[in-house]
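**Q** Give me coordinates for this.
(chains A, B, C and D)
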2 protein chains.
Amino acid sequence: MELRHLRYFIAVAEEGHIGRAATRLHISQPPLTRQIQQLEEELDVQLFIRTPRGMDLTPAGELLLEEARNIRSVVEQAAERTQRAGQGKLGRLDIGIFGSAILDTIPAILLKFRNDFPEVKVVLHNMGKDAQIAALRQRRIDLGFNRFLDPLEDIVNEIVLTEKLLIALNEQHPLAGQPAVPFSVLQENPLIVFPVGPRPSFIDKVMHMCHQKGFAPHVAQEVGNTLTGVALVASNFGVCVVPESATKLALPGVVYRPIIDPPADSGADLNCIYRSDDPSPLLESFLTTVRTFGEQWVTSYP
Amino acid sequence: MELRHLRYFIAVAEEGHIGRAATRLHISQPPLTRQIQQLEEELDVQLFIRTPRGMDLTPAGELLLEEARNIRSVVEQAAERTQRAGQGKLGRLDIGIFGSAILDTIPAILLKFRNDFPEVKVVLHNMGKDAQIAALRQRRIDLGFNRFLDPLEDIVNEIVLTEKLLIALNEQHPLAGQPAVPFSVLQENPLIVFPVGPRPSFIDKVMHMCHQKGFAPHVAQEVGNTLTGVALVASNFGVCVVPESATKLALPGVVYRPIIDPPADSGADLNCIYRSDDPSPLLESFLTTVRTFGEQWVTSYP
DNA sequence: CATCTTGATACTTTTTTAGTATCAAGGAAT
DNA sequence: ATTCCTTGATACTAAAAAAGTATCAAGATG
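**A** Below is the predicted model of the structure:
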């Protein structure tokens, strides 16, 4: 039995007439007669009672009509869903997230993506960068967000956007009243750095910038994450370099100030990583969203 | 798209290998390659990633695999259900019932039928014989049970079984102690007859027998149904002729006795009626049950 | 009774599907 | 590096299936 048999059967059942059904199907009457006979023969069931006025369904035929209509719609839906999946509009995307990017950027990207592709289920996994790479290779996630990643052969590393760096100061600090501060505040104040964890990380970025400017900073404290660093600034423990998205952490007693004289290459990249051989159109859809987001974001911040 | 495409697709997806799938499908490899290409082309979706080791499903392919398996089972079930319906094992049968046959015979037949064809839904409609004929013609019922029906052109009238006639006597009656009674008790006692309603009926049967025996009975009372007639016997109102299934009505004070000298053609037929042009295999199944029941029943009663 | 309509059938043509032989490309083993 | 083996893809041929044409027999209809 093929779907053709069911298509033909539905037409004959609905028209109650082989000739009219043939017209509707754009074929001639004899082949339609034969296909119906074939269907009856294969099922070994009489589906129609032939009368001089047309074709009447038997009870078995009535039942098959219902079933055939159901099959038709199931097949149609299957085709549509497959097509949408092929266009990256339907399916599931597992994403690894990590670090300070969770504060601002990633929620905004996800919001936009869910809006554009409402039928894609996005599952977030909180995991460090090494865990992300392992999960990518094991296909447990399709994409990861992180920073400061060494290049890898089998994994593409794409910059989503580059955040400017700000200095977090306690409001009691002498320069807190200024609209911007010189880089040298990092030399003259105890420095809080983060995150503790796998290298390279944001710590190395900050240290490298200081060496570029010709000094070694006084590291007062290493902390696990952005929030802890900013919290220490709030208690006047020292100063701290943060990406601009950290301004979302509006802790009382902390002000964020741009750097008057930033060193070259001063900026914190947010990267996304994915398998270089991943053909998923769903991933492609997501990357499109990410890229347009990156462009808009860069221009939107002064 | 045809079911063939889905069958082939499932095989390739499950084997992950065109060659092995072709072996499993008992075809050669090239046509299978082309059918898969055709499916991808028609859906405009890449379903497999070709590797030097075989065929890997894309996410869209994974989805279609689920859908295709579902379609396969839906189609299989549709075919099976249609076949069972064609064999009269699945469906709905509307039956009109009426009169004293409800007491014993019909429940027994239904019990047997439900046992043999558990997937057939039987709907009973209580209606008189004229209503049954009308309902048959309007296709509201498929079969009716009744007695004493005039022959009709478009409706088959089949005898289910012939019940012997008994005489119901009050236990105070002089002949109540005898194992059997002569027909003449109907002449010598007030007679209760039933049912009141459309003619011909059981009343005419009884009157005809009396005339055969050369007397006109003294009709003490006409009543609506068997139960009322027997109830009058219980209060010693008179005697009553009943079909043997009425013995199920074990009213206190009433005894049932066979007739020593029954007139020729003494017996109450239970008939079933159905459209002569009804091709329903379901009806055929039911009639088979009815016929075997009739044979067994006749031999089972002394 | 002639006529019209119905689905069925015999036969032919076209389309589709399957089969055969062969190929190019990517791993694996030497 | 090179040979060999495996993979799916392709060109061409053969077979099968579906569709088309012409015609028929059987009921309904006037």
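**Q** How many residues are close by whichever residue of the stretch 101-250 of chain A sits closest to DNA strand D?
**A** Per C-beta to the nearest atom of the strand, A:Glu153 is where the stretch 101-250 of chain A lies closest to DNA strand D, at 19.6 Å. All C-beta atoms are positioned from the backbone trio N, CA, C, and that covers glycine. Per other C-beta atoms under 10 Å in any protein chain shown, the neighbour tally for A:Glu153 reads 5.
**Q** Distance of the residue in the stretch 51-200 of chain A that DNA strand D sits nearest to relative to A:Leu32?
**A** Closest to DNA strand D within the stretch 51-200 of chain A is A:Pro52: 4.0 Å, counting by C-beta to the nearest atom of the strand. As for A:Pro52, its distance to A:Leu32 is 18 Å (criterion: C-beta to C-beta, to the nearest Å).
**Q** ok so, going back, per-residue confidence at the residue of the stretch 101-250 of chain A closest to DNA strand D?
**A** Each residue has a pLDDT score; the one for A:Glu153 is 81.
**Q** residues contacting it?
**A** Neighbouring residues of A:Glu153 by C-beta atoms under 8 Å, 6 or more residues apart in numbering or on different chains: A:Ser276.
**Q** where's it, which helix or strand?
**A** Using DSSP states H and E, A:Glu153 sits in no helix or strand.
**Q** number of nearby residues for A:Phe237?
**A** Around A:Phe237 there are 18 other residues, counting by other C-beta under 10 Å.
**Q** hmm, I was thinking of A:Gly294
**A** So A:Gly294, with other C-beta under 10 Å, has 18 neighbours.
**Q** how far away is the residue of the stretch 1-150 of chain A found nearest DNA strand C from B:Glu62?
**A** Closest residue of the stretch 1-150 of chain A to DNA strand C, C-beta to the nearest atom of the strand: A:Pro30 (3.1 Å). Going from A:Pro30 to B:Glu62 by C-beta to C-beta gives 42 Å.
**Q** Give me the more crowded residue out of these two.
**A** Neighbours were counted for A:Pro30 and for B:Glu62 using other C-beta under 10 Å; B:Glu62 has more, 16 against 10.
**Q** and that one, that one's in a helix?
**A** Yes. Judged by DSSP: H, G, I helix; E, B strand; the rest coil, B:Glu62 forms part of a helix.
**Q** Just the pLDDT at A:Ala75, thanks.
**A** Quick fix: residue A:75 reads Val, not Ala. pLDDT, A:Val75: 95.
**Q** tell me what the helix or strand containing A:Cys272 is packed against?
**A** Using DSSP H and E, A:Cys272 maps to strand A:268-275. Contact partners of strand A:268-275 among helices and strands, from 3 or more C-beta pairs under 8 Å, 6 or more residues apart in numbering or on different chains; DSSP states H and E: helix A:129-137, strand A:143-146, strand A:155-163, helix A:281-300.
**Q** most tightly surrounded among the ones you listed?
**A** Ranked by mean neighbour count, the helices and strands packed on strand A:268-275 are led by strand A:143-146 with a mean of 25 (mean count of other C-beta atoms under 10 Å in any protein chain shown).
**Q** residues in contact with A:Pro262?
**A** A:164-165, A:183.
**Q** If we use 10 Å, what do you get?
**A** A:164-165, A:182-183, A:209, A:213 (C-beta atoms under 10 Å, 6 or more residues apart in numbering or on different chains).
**Q** With A:Ile18 instead?
**A** A:8, A:11-12, A:29-30, A:32-33, A:36, A:48, A:50, A:54-55.
**Q** How about A:Met55?
**A** A:12-13, A:15-18, A:21, A:33, A:36, A:47-49, A:61.
**Q** again with A:Ala21
**A** Neighbouring residues of A:Ala21 by C-beta under 10 Å, 6+ apart: A:8-15, A:27, A:29, A:32-33, A:36, A:54-55.
**Q** Tell me the most packed of these, by neighbour count.
**A** When neighbours are counted by other C-beta under 10 Å, A:Val12 leads the contacts of A:Ala21 with 29 neighbours.
**Q** I am assuming that residue contacts A:Leu64, so please confirm or correct that.
**A** No. Applying C-beta atoms under 10 Å as the test, A:Val12 and A:Leu64 come out as separate, 11.2 Å apart.
**Q** who touches both of the two?
**A** Common contact partners of A:Val12 and A:Leu64 (C-beta under 10 Å, 6+ apart): A:39, A:47, A:57.
**Q** about what we covered before: which of the contacts of A:Met55 fall in helices?
**A** Residues of the contacts of A:Met55 located in helices (DSSP state H): A:12-13, A:15, A:18, A:21, A:33, A:36, A:61.
**Q** Neighbours of the closest residue in space to A:Gln29 that isn't next to it in sequence, how many?
**A** Ranked by C-beta to C-beta, 6 or more residues apart in numbering or on different chains and with sequence neighbours excluded, the top spatial neighbour of A:Gln29 is A:Ala22, at 4.4 Å. If you count neighbours by other C-beta under 10 Å, A:Ala22 ends up with 20.
**Q** wait, what's in contact with A:Ala22?
**A** Contacts of A:Ala22 by C-beta under 10 Å, 6+ apart are A:8, A:11-12, A:15, A:28-33.
**Q** Just read off the phi/psi values of A:Met127.
**A** Main-chain torsions, A:Met127, degrees, to the nearest 10: phi -160, psi 150.
**Q** same thing with A:Ile95?
**A** Note on A:Ile95: backbone dihedrals following degrees, to the nearest 10 are phi -130, psi 130.
**Q** Quick one: neighbours of it, just the number.
**A** A:Ile95: 22 surrounding residues under other C-beta under 10 Å.
**Q** what are the bridge partners for it, then?
**A** A:Leu124, A:Leu143 (DSSP bridges).
**Q** Assess the claim that it and A:Pro107 are in contact.
**A** No. Counting by C-beta under 10 Å, A:Ile95 stays clear of A:Pro107, with 11.9 Å between them.
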